[in-house]
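Enquirer: quick one, structure for this:
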Amino acid sequence: MEVLIKQIKNESSAAVIDIILPIQQIEFNVPITLNDQPDLLDIENVYYHNGGAFWGASVNEELAGTIALLKFDNDLAAIRKMFVKKDFRGKELGLAQRLLETLVQYCKDNEIKHLYLGTVSVLQAAMRFYERNGFEQIEKSALPKSFPLMSADNVFYHLAIK
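Expert: Numbering: from 1, shown residues only. This is a model prediction of the structure:
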């Protein structure tokens, strides 16, 4: 299987939505809609405008996973939209790991020193994944004031980029 990770832009919005919404709504019953996530319809303005980016992982030319970096201060950024289709999860392809490593390398190359993320407690496998990758769980009150909160998130993490 050929895996390709590359930055994606607005022309991929429909494919991105086709991955993310079913995982949120059907697989994990998170009460979130497309209206709650207007960023998915304007990837370029939301993510690239301030120095972030949005990547897609394709397997045999099918979009199978996503991760986004939302820069919200000089050297601070948030991970957003980290999703991998069920059929492509696991260590065999290592898509989540490869997506995260791509994002962290981008942070190093662009002098982003602190990564934050919010998730929901129902996503236990995601929480374990972040912890295995050195993220430390923090209280909501420990987030930077400028951190872009998502209403559904109730668990927060931080990673200092070395």
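Enquirer: on the three-state scheme, the nearest residue to Gln25 once chain neighbours are set aside is what?
Expert: Among residues not flanking Gln25 along the chain, Ile32 sits closest, at 7.0 Å (Cβ to Cβ, 6 or more residues apart in numbering). (Each C-beta comes from the backbone N, C-alpha and C, glycine too.) Under the three-state scheme (DSSP: H, G, I helix; E, B strand; the rest coil), Ile32 adopts coil.
Enquirer: residues touching Ile32, list them.
Expert: Gln24, Gln25, Ala152 (Cβ atoms under 8 Å, 6 or more residues apart in numbering).
Enquirer: mind naming the longest strand for this protein?
Expert: strand 62-73 (DSSP state E).
Enquirer: alpha carbons only: can I get that strand in CSV?
Expert: C-alpha atoms of strand 62-73 as CSV (Å, rounded to 0.1, in the frame of the first residue of the first chain):
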residue,chain,number,x,y,z
GLU,A,62,-7.8,7.5,-0.9
LEU,A,63,-7.8,10.1,1.8
ALA,A,64,-7.5,8.1,5.0
GLY,A,65,-6.5,10.5,7.7
THR,A,66,-6.0,14.1,8.6
ILE,A,67,-4.2,16.4,11.1
ALA,A,68,-4.1,20.2,11.3
LEU,A,69,-2.0,22.8,13.1
LEU,A,70,-3.7,26.0,14.2
LYS,A,71,-1.0,28.5,15.2
PHE,A,72,-2.5,30.9,17.7
ASP,A,73,0.5,32.8,19.0
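Enquirer: give me the sheet partners of that strand and which way each runs.
Expert: Strand partners for strand 62-73, identified by DSSP bridges, are recorded as strand 53-59 (antiparallel), strand 76-84 (antiparallel).
Enquirer: in TSV, list those along with mean pLDDT and mean neighbour count.
Expert: Output for the strands paired with strand 62-73, formatted as TSV (pLDDT from 0 to 100; neighbours: other Cβ atoms under 10 Å):
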stretch	mean pLDDT	mean neighbour count
strand 53-59	98	22
strand 76-84	97	23
